[in-house]
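Q: Next comes the sequence, and after it the predicted model I'd like to discuss.
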Amino acid sequence: MELPFVPPEYHSAGSVHDTGWPSEARAAAGFALVLLAVSLTVEAGNGTLSLLRALPWSGLAALVFAILLPPRVEASPGRLTVRGLTARRTVHTDRLASVRWSDGVAQRLILYDTTGARAEIDPRVFMANPPLWHLLKTDARVSLARGTLRHGSAELERLARCVDRETALTVFRISGLH
């Protein structure tokens, strides 16, 4: 089996990260700390603050942090890794088998590779990070050329339109035309 031609610049590309993750992680930590501070302040104001009462508030703050902390997304040629608080999932994007778009309250792009690995990513991560999208798009083309990507071309086109629309809006905003 002959593999499709892959341009040399594709191989030299390094890994890219979700550039918005650090600020979202700080926001999650900030919300959790504010919740803890307000809870402990109310307890102290009522004169009921004790270690026994502070522990549940600390647990609740930790739970809020865990819920709000977004997964960290990293991509390099041929791979996309999604690291959550408890799990790390890596998909071989140059061997994609299927791409699905899950609509609902929390939209997700679900990637499956030929080894059965699965990763879920919020599509907005790609809209906010064109380099991540570029790596996924390039690898999806390799998967199509290899014949491994059997389902998901429409979902990738939908994502491409969303990324293009967001990029155009950003350009208009920066240039003052929007």
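A: Cool, the structure landed.

Q: How about residues contacting the one helix or strand V82 maps to?
A: Secondary-structure element containing V82, defined by DSSP states H and E: strand 79-83. By C-beta atoms under 8 Å, 6 or more residues apart in numbering, the surrounding residues in contact with strand 79-83 are 71-75, 88-93, 111, 119-121, 135-136, 139. Yep, even glycine has a C-beta here, placed from its N, CA and C like the rest.

Q: Note down every partner strand of that strand and its orientation.
A: Each strand paired with strand 79-83, and its direction, by DSSP bridges: strand 72-76 (antiparallel), strand 88-91 (antiparallel).

Q: residue ranges with poor pLDDT in the protein?
A: 1-13, 178 (pLDDT under 70).

Q: can you give me the helices in it?
A: If DSSP state H is used as the criterion, the helices of the chain fall at 8-12, 21-46, 51-68, 123-128, 130-146, 153-175.

Q: With mean neighbour count and distance to V105 as added columns, please give those in a markdown table.
A: Rendered in a markdown table, the data for the helices of the chain read as follows (neighbours: other C-beta atoms under 10 Å; distance: least, C-beta to C-beta, whole Å):
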| stretch | mean neighbour count | distance to V105 |
| --- | --- | --- |
| helix 8-12 | 10 | 36 |
| helix 21-46 | 14 | 18 |
| helix 51-68 | 13 | 14 |
| helix 123-128 | 19 | 13 |
| helix 130-146 | 20 | 23 |
| helix 153-175 | 14 | 17 |
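
Q: For the ones you listed, could you give me a markdown table that also reports distance to S98?
A: Listed next are the helices of the chain as a markdown table, based on distance: least, C-beta to C-beta, whole Å:
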| stretch | distance to S98 |
| --- | --- |
| helix 8-12 | 22 |
| helix 21-46 | 26 |
| helix 51-68 | 28 |
| helix 123-128 | 16 |
| helix 130-146 | 10 |
| helix 153-175 | 9 |
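
Q: what separates the residue lying farthest from the centre of the chain from R53, distance-wise?
A: What lies farthest from the middle of the chain is G47; by C-alpha atoms, centre = their mean that is 43.2 Å. As for G47, its distance to R53 is 11 Å (criterion: C-beta to C-beta, to the nearest Å).
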